[in-house]
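S.K.: Sequence below, structure please.
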Amino acid sequence: MAPPAAGRPSASAAPEPPLREAAKRRRAPACAGAGARILSLGVRGAVMVAALVLFLLFAAAAVILMLALLVAARGFRQQGRRRHRASPDSSTPPPPPAVGLPSAKIRLLPSFVPCPCDGGGDGSSSSPRICPVCLDAARAGERWRALPACGHAFHAACVDRWLLLSPGCPVCRATVSVPVS
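M.R.: So this is what the prediction gives:
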């Protein structure tokens, strides 16, 4: 084999012209950059899909948990209703509904007409008598009732309607007892 000539490079070891080298360098990163971009988009897409799947998974778990809690709450509520109801085979009858006093007994309760000097009449007093049932002040000539058990006083018409429905004082719930004459 002959040594290469001094001015002429050999075909196998011939250096490439500088323009071709620069073009190869420019082309190589462009090809590698496109692949990297595609890979980057693929990774981003996979991360987004995974995040969406996790979100939907947690949302489904929350819905299932809420449904389970609603079913449990409904069961507890129905169990409470069943516990408080009287069973049909119980021998004791249910208590009668609350009924007030008969009107004949209500008429036996003492009544009075308030004196204008104690705040029940013309309104000249600084503290007029006020009915706790209707919250209206006493006027001259109105009949009032004082309940014997507690001493609370009311318009006769107001307390009579109350006592027909409930046998207790509207203020303190003391049982009204009719005096025997």
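S.K.: Against His152, how distant is Arg161?
M.R.: Distance of Arg161 to His152, given as C-beta to C-beta, to the nearest Å: 15 Å. Glycine gets a C-beta too; all of them are placed from N, C-alpha and C.
S.K.: out of the two, which sits in the more crowded spot?
M.R.: His152 (17 against 14; other C-beta atoms under 10 Å).
S.K.: immediately after the lowest-mean-pLDDT helix or strand in the chain, which helix or strand?
M.R.: Across the helices and strands of the chain, the lowest-confidence element by mean pLDDT, DSSP states H and E is helix 18-84, at a mean of 82. Toward the C-terminus, helix 18-84 is succeeded by helix 103-107 as the next helix or strand (DSSP states H and E).
S.K.: Val113 and Glu142, how far apart?
M.R.: Taking C-beta to C-beta as the criterion, Val113 is separated from Glu142 by 7 Å.
S.K.: now swap in Val99 and tell me
M.R.: When C-beta to C-beta is the yardstick, Val99 and Glu142 sit 28 Å from each other.
S.K.: ok, now Leu70?
M.R.: Distance from Leu70 to Glu142, by C-beta to C-beta: 56 Å.
S.K.: So for the two, which residue has more residues nearby?
M.R.: Neighbour comparison, Leu70 and Glu142: the larger count goes to Glu142, with 17 against 10 (by other C-beta under 10 Å).
S.K.: pretty sure the more buried one is touching Ala153, no?
M.R.: No - the pair formed by Glu142 and Ala153 falls short of the contact definition of C-beta atoms under 8 Å, at 11.1 Å.
S.K.: so what's in contact with these two at the same time?
M.R.: Contact criterion C-beta atoms under 8 Å, 6 or more residues apart in numbering; residues bridging Glu142 and Ala153 by contacting each: Pro114.
S.K.: domains in the chain, as residue ranges please.
M.R.: For the chain, the structural domains run 17-83, 103-165, going by automatic domain parsing.
S.K.: Now render these as TSV, adding distance to Val178.
M.R.: Converted to TSV, those look like this (distance: least, C-beta to C-beta, whole Å):
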stretch	distance to Val178
domain 17-83	39
domain 103-165	5
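S.K.: Could you say which of those domains is packed most deeply?
M.R.: When you average the neighbours per residue for each of the domains of the chain (mean count of other C-beta atoms under 10 Å), domain 103-165 leads with a mean of 15.
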